[in-house]
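Chemist: sequence unknown, structure follows:
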């Protein structure tokens, strides 16, 4: 049992979720964005302004999973490596079993920070998925390149299936899976 329920709790790190899509299976959410003052954190706010995070949510929401929504991308699907790191730090204190990060970055300067945070999350028993950059699999892509991160949407669905009996073929089209697997780049 996780969080007092039989359901798996999953964090989706992306562009948020459209409020009209969210049901009673979202147990919280937060927005991280860069401002002139630094990283701004807005609790209980995760409205999707471009649809990518909502697509990820719709694909996974067919399960008995509860979701925590972490918004790090803006309306142009752009983010920042520092906001992604802050979001990962935040997730150290959120009770989730699975973390789906459908974004990536090629910012090599943050590689050690990503590795440190991913290792801490993994030690907590959290299962992490991250998509590769849209530039192709021959490009370094953080955090997907790290050893404690699954890089396949099928692996994500398999991990949910282990907990909830979810069969991904029943719910996700091949278009959804390819979009999730390629992700959108988080610009640094």
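Modeler: Yep, that arrived. Every value quoted in this text rests on a predicted model; they were computed, and no experiment measured them.

Chemist: low-confidence ranges in the protein?
Modeler: Flagging of the chain using pLDDT under 70 yields the residue ranges 1-7, 133-139, 151-188.

Chemist: let's see that with 50 instead.
Modeler: Where the chain drops to pLDDT under 50, the residues are 1-5, 154, 158, 161-188.

Chemist: which strand runs longest in it?
Modeler: For the chain, the longest strand by residue count, based on DSSP state E, is strand 26-35.

Chemist: next structured bit after that one?
Modeler: Downstream of strand 26-35, the first helix or strand assigned by DSSP states H and E is strand 38-43.

Chemist: show the subsequent helix or strand relative to that next one.
Modeler: Strand 38-43 is succeeded, C-terminally, by helix 52-60 (DSSP H and E).

Chemist: next, the buried residues of the longest strand of the chain.
Modeler: If you call a residue buried by 16 or more other CB atoms under 10 Å, then strand 26-35 has these buried ones: 26-34. Heads up, the C-betas are built off the backbone N, CA and C, glycines and all.

Chemist: output the contacting helices and strands for that strand.
Modeler: strand 38-43, strand 66-71, helix 81-91 (3 or more CB pairs under 8 Å, 6 or more residues apart in numbering; DSSP states H and E).

Chemist: so what are the sheet partners of the first one and their directions?
Modeler: In other words, strand 38-43. According to DSSP bridges, strand 38-43 has the following sheet partners: strand 26-35 (antiparallel).

Chemist: the second one now?
Modeler: Taking DSSP bridges as the criterion, strand 66-71 pairs within the sheet with strand 9-14 (parallel), strand 26-35 (parallel).

Chemist: can you tell me what sits against it?
Modeler: 3, 5, 7-17, 22, 25-33, 45-48, 53, 57, 60-61, 87, 90-91, 94, 96 (CB atoms under 8 Å, 6 or more residues apart in numbering).

Chemist: among the helices and strands packed on strand 26-35, which is the most enclosed?
Modeler: Among the helices and strands packed on strand 26-35, strand 66-71 has the highest mean neighbour count (mean count of other CB atoms under 10 Å), at a mean of 26.

Chemist: now the angle from that one to helix 81-91?
Modeler: Inter-element angle recorded for strand 66-71 and helix 81-91: 150 degrees (by axes from the mean of the first three to the mean of the last three CA atoms, to 10 degrees).

Chemist: report the inter-axis angle for strand 66-71 versus helix 52-60.
Modeler: Using the same axes, to 10 degrees, the direction of strand 66-71 lies 160 degrees away from that of helix 52-60.
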